Every structure is written in structure tokens, then in C-alpha cells.
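Visitor: Below are the sequence and a predicted model for it; my questions follow.
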Amino acid sequence: MRLTLWSGAVVAAALTPTASPVASAAGGGLSVTPSRPVPGSDIQLRAQGCSGRTGTASSRAFVAEAVLTGKGGAGGALVGETRVRSALRPGTYRVGVTCDGVEDKVRARLTVAAKERGREG
């Protein structure tokens, strides 16, 4: 799954089992695990750049808004989980993190991969 930042024009794609920044903005960013989710998969989000202890991440790709909690602040991050819609078509979807009273304070794009077809045999 990959996030391309709208403002900041940073694009990175990683196929690793750990969270890695896939988008970053001035003072913040968003990472997602797994990095290339498929429809129906659970994902973990990690947002940097929020000074408070709570926030939310929303996207048309998610079954529900992700509630983010954590330390926030300069060295902290907010984390949360959600699920990618099972009937979602592969593609790129907008993700917005609302925190510190600012809607879409962290913005990124998430790429949802196609499910692999099972092997018959």
C-alpha cells in the first residue's frame, strides 16, 4: 500500500512487513502496514506531525474511520487500525488524518493492490 503525498510530492513504495514511511509532509507523515494492502485486509496506520494525543484517519478505501491514539508531539506518533473495503477495486485512494483540530492535517494517497488469484491444481 502506498501513499503519495499531495503536498510534498514524495512517493515511496515498500513491500516490507514493517511500517515504513510512505508519505511525508512538513513536520509529519503517514505510514501503513502492510505497505500494499489488498481488499479486505486489516491495516495499521502511523501518523507523525500531530501534537495532540488523538486523531482520526479516513478514506473511501476504509470500512470505517481509524481512531488514532498515542503520544503525539515532536517525537511521538498516533497509531490505529482499520480494514480496507473487501469490494474495493485496486487503485489509489486519498487518506486524510485529522488532528489538532485541523481536518486533513496529514494527507496522503494509498495504493490498494489486486488480490492474487489462487492456484488451482
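Guide: Structure's in. What do you need? Numbers count the residues shown, from 1 in each chain.

Visitor: quick one, longest strand in the protein?
Guide: Longest strand in the chain, counting residues (DSSP state E): strand 102-112.

Visitor: Could you check how far it is from the centre of its chain?
Guide: Relative to its chain's centre, strand 102-112 lies at 7 Å (Cα atoms, centre = their mean, to the nearest Å).

Visitor: That strand packs against which elements?
Guide: strand 21-25, strand 28-33, strand 91-99 (3 or more Cβ pairs under 8 Å, 6 or more residues apart in numbering; DSSP states H and E). (Each C-beta comes from the backbone N, C-alpha and C, glycine too.)

Visitor: wait, doesn't Thr92 sit right on Ala108?
Guide: No. Between Thr92 and Ala108 there is no contact under Cβ atoms under 8 Å: 10.2 Å.

Visitor: higher neighbour count, the two?
Guide: Ala108 (32 against 13; other Cβ atoms under 10 Å).

Visitor: Count the residues that sit near the residue nearest to Ala61 when sequence neighbours are not counted.
Guide: Distances taken as Cβ to Cβ, 6 or more residues apart in numbering place Tyr93 nearest to Ala61, at 3.8 Å, with adjacent residues excluded. The local packing of Tyr93 (other Cβ under 10 Å) involves 19 other residues.

Visitor: Report the separation between Tyr93 and Lys105.
Guide: Tyr93 sits 18 Å away from Lys105, going by Cβ to Cβ, to the nearest Å.

Visitor: tell me the average confidence for stretch 52-62?
Guide: For stretch 52-62, mean pLDDT is 96.

Visitor: Please list the residues outside it that contact it.
Guide: 30, 45, 47, 65-72, 78, 80, 82-85, 88, 93-100, 105, 110, 112 (Cβ atoms under 8 Å, 6 or more residues apart in numbering).
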